[in-house]
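>>> 3D model of this:
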Amino acid sequence: MTEGATSPRDESEGRQIMQATLKDKVTFQGVGLHSGAPACLVMHPARPDHGIVFRRIDLTPAVDIPALWDHVTPSKLCTLLDNGHGVTLSTVEHVMAALAGTGIHNALITVDGPEIPILDGSAAPFVDAILDTGIARQTAPLRAIRVLRTVEVREGDAFARLSPADHLEIDFEIDFTDAAIGHQEKCLDMANGAFLRELADSRTFCRASDVEAMRRNGLALGGTYLNAVVVDGGRVLSPGGLRHADEAVRHKMLDATGDLALAGAPLLARYTGHRAGHAMTNRLLRALFADPTAWMWERCTPELEGRLPGAGVADYARPDLAAAFAAE
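I've put the predicted structure just below:
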């Protein structure tokens, strides 16, 4: 979504809350989950109305890729951004979820390769470092995207849906044959720090039977038991077991948070996902923005702020985890 885009209506009455960025830069070192290559990511503060932009600094000249729904290209098992000229950046969903969950609207994120570092497989290291660094309010008003009517996409028995709501709500259902996962369903009002409390530390997961197949196809080359939950039937193979009994569905909700953040502004909507994934959520955003009667811009008043994911998040900082992955 570009700042100049318009909708059928644009409410502007009343006092407004302002956009936010980081107080300082923060650096992460790790490896790419699918490439296995070393990766360094640096989050930098950015000016108002900048949005979230990734910059590939391993290229000469460096190439910018906006973190927006219309820059997503089809990819297996992750969200892949494309600048429109063949330069890509993969596995952006966890860092996007962390930014959305902490209420960061503007940031320049430099990366020295084609993939974001996976860290521990969740969004927690990104979240904790953002909170430890600090969040700075800016001088430009914040706008949200209000969904006005239901939009849905389907593929077989899988579907994803956006419907009207006064806050972001995520309702997700998964069903796996492995008993360690099985059928899981969770619904969460994402307002006022819920992402940090309920979803941020939930890790990506896979079945042991899928690992070899993924590696034969050049995927999951950086995956280990320390950055993914690996299950085999009823067993959890990763040391320490699960962080939550329903960690798998929580991680799917984390992914959805990051993929929905590619709308370019906070969403006021209920997202329902049934066996949905990255590609389906992107198709859903494309369907939403293809219909100008299905959404509108809404300026964020102080009353609305409490219903956004980033409100009050400073109370949930966990710098112990941040220190394990971030370096000045």
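>>> And the pLDDT at the residue most central in space within the chain?
Central residue of the chain (C-alpha atoms, centre = their mean): residue 258, 1.5 Å from the mean position. Residue 258 carries a pLDDT value of 98.
>>> Just the element for it, please.
If you go by DSSP states H and E, residue 258 is part of helix 247-260.
>>> quick revisit: now the residue nearest to the centre of the chain: how far from residue 31?
In this structure, residue 258 and residue 31 are 19 Å apart, going by C-beta to C-beta, to the nearest Å. Using the backbone N, CA and C atoms, a C-beta is placed for each residue, glycine as well.
>>> Residue 151 too?
According to C-beta to C-beta, residue 151 stands 37 Å off from residue 31.
>>> Check residue 210 too.
Using C-beta to C-beta, one obtains 19 Å as the distance from residue 210 to residue 31.
>>> Looking at these two, which is more packed in?
Neighbour count, other C-beta atoms under 10 Å: between residue 210 and residue 31, residue 31 has more, with 20 against 14.
>>> That one bridge partners, please.
residue 38 (DSSP bridges).
>>> That one against residue 40, yeah?
No. Under the criterion of C-beta atoms under 8 Å, residue 31 lies out of contact with residue 40, with a separation of 10.3 Å.
>>> Overlap of the contact sets of the two?
Each of residue 117 lies in contact with both residue 31 and residue 40 under the rule C-beta atoms under 8 Å, 6 or more residues apart in numbering.
>>> dump the residue contacts of the residue nearest to the centre of the chain.
Listed by C-beta under 8 Å, 6+ apart, the contact set of residue 258 reads 79, 92-98, 100, 123.
>>> again with residue 82
With contacts defined as C-beta under 8 Å, 6+ apart, the neighbours of residue 82 are 65, 71-73, 88.
>>> Pull out the buried members of those residues.
Neighbour-count burial (16 or more other C-beta atoms under 10 Å) is assigned, among these, to 65, 71-72, 88.
>>> which one of those residues is nearest residue 288?
Top of the list for closeness to residue 288, among the buried ones among the contacts of residue 82 and by C-beta to C-beta, is residue 72 at 13.5 Å.
>>> Now do the contacts for the closest one.
Residue 72 is in contact with 79-82, 262, 282, counting by C-beta under 8 Å, 6+ apart.
>>> The residues you listed in strands, which ones?
Using DSSP state E, the subset of these located in strands is 80-82.
>>> want to throw the residues you listed into CSV with pLDDT and distance to residue 21?
What follows is the ones in strands among the contacts of residue 72, written out as CSV (pLDDT from 0 to 100; distance: C-beta to C-beta, whole Å):
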residue, pLDDT, distance to residue 21
80, 96, 25
81, 98, 20
82, 97, 25
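>>> Nearest to residue 184 among the residues you listed?
Closest approach to residue 184 among the ones in strands among the contacts of residue 72 (C-beta to C-beta): residue 80, at 26.0 Å.
>>> Quickly note the distance from the closest one to residue 114.
9 Å.
>>> of those two, who's got more company?
The neighbour comparison of residue 80 against residue 114 (other C-beta under 10 Å) goes to residue 80, with 23 against 19.
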